[in-house]
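In: here is my input, please return the structure:
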Amino acid sequence: DFIWADKDWIRMHYDEVRHSLPPHVKVNHFRNHYELTHKGHMVKNLKRMISNLRREDKAAEAAQYDFFPVTYLLPMEYGVFAEEYKRHGDRPVWIAKPTGKAQGRGIFLFTDLKEVKLWKKAAENRGNPKQEDEEDVENYVVQRYIANPYLVGGKKFDLRIYVLVTS
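Out: Next comes the predicted model:
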């Protein structure tokens, strides 16, 4: 009644076997789950959804996507991020999270654009051949930091609930 499989098996074999499974059989992963569970992909998909809704003249529905803070992917969106940063004279706090890490590793807060200059250089050099002395820059999600987050027991937390609606 239940298939317990790892993500890689699902990605490689599920399409081959899904048609032979009885309809009542459940699987613990769904294909392309990383489109929601990977920080960078989730941001990309949320922004795409907002853009699609606006294009379809559904501005009111697009406005319902205000549940996540202003977010940029660095180095890809560095230029747009820098413009947004400069628009705020009050120097808000920003949080940078590596897209490929978990459990708080690699996260840092910043208020000065100079603190993310590596991503500026990477954005400027995108598409050019890599120089020998050039560092590889990790992809980061950068968001305006929420000043008064909800706390549980005095600690920050996140709650992730993934629901697959099939019809």
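
In: mind listing the strands for the protein?
Out: Per DSSP state E, the chain carries strands over the ranges 2-3, 26-27, 71-74, 94-98, 108-110, 140-144.

In: paired strands for the fourth one, with orientation please.
Out: In the sheet containing strand 94-98, the strands it pairs with under DSSP bridges are strand 108-110 (antiparallel), strand 140-144 (antiparallel).

In: put the alpha carbons of that strand into CSV.
Out: What follows is strand 94-98, C-alpha atoms only, in CSV (Å, rounded to 0.1, in the frame of the first residue of the first chain):
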residue,chain,number,x,y,z
TRP,A,94,19.2,41.7,5.1
ILE,A,95,19.7,38.0,5.6
ALA,A,96,21.7,35.9,3.1
LYS,A,97,21.2,32.1,2.9
PRO,A,98,23.1,29.7,0.7
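
In: go ahead and confirm Y34 touches H41.
Out: Yes: counting by Cβ atoms under 8 Å, Y34 does reach H41; the two are 5.9 Å apart. The way it works is simple: take the backbone N, C-alpha and C, and place the C-beta from them, glycine included.

In: who has more neighbours, the two?
Out: Neighbour count, other Cβ atoms under 10 Å: between Y34 and H41, H41 has more, with 16 against 12.

In: picking that back up, out of the strands paired with strand 94-98, which is the most enclosed?
Out: The highest mean neighbour count among those, using mean count of other Cβ atoms under 10 Å, belongs to strand 140-144: a mean of 21.
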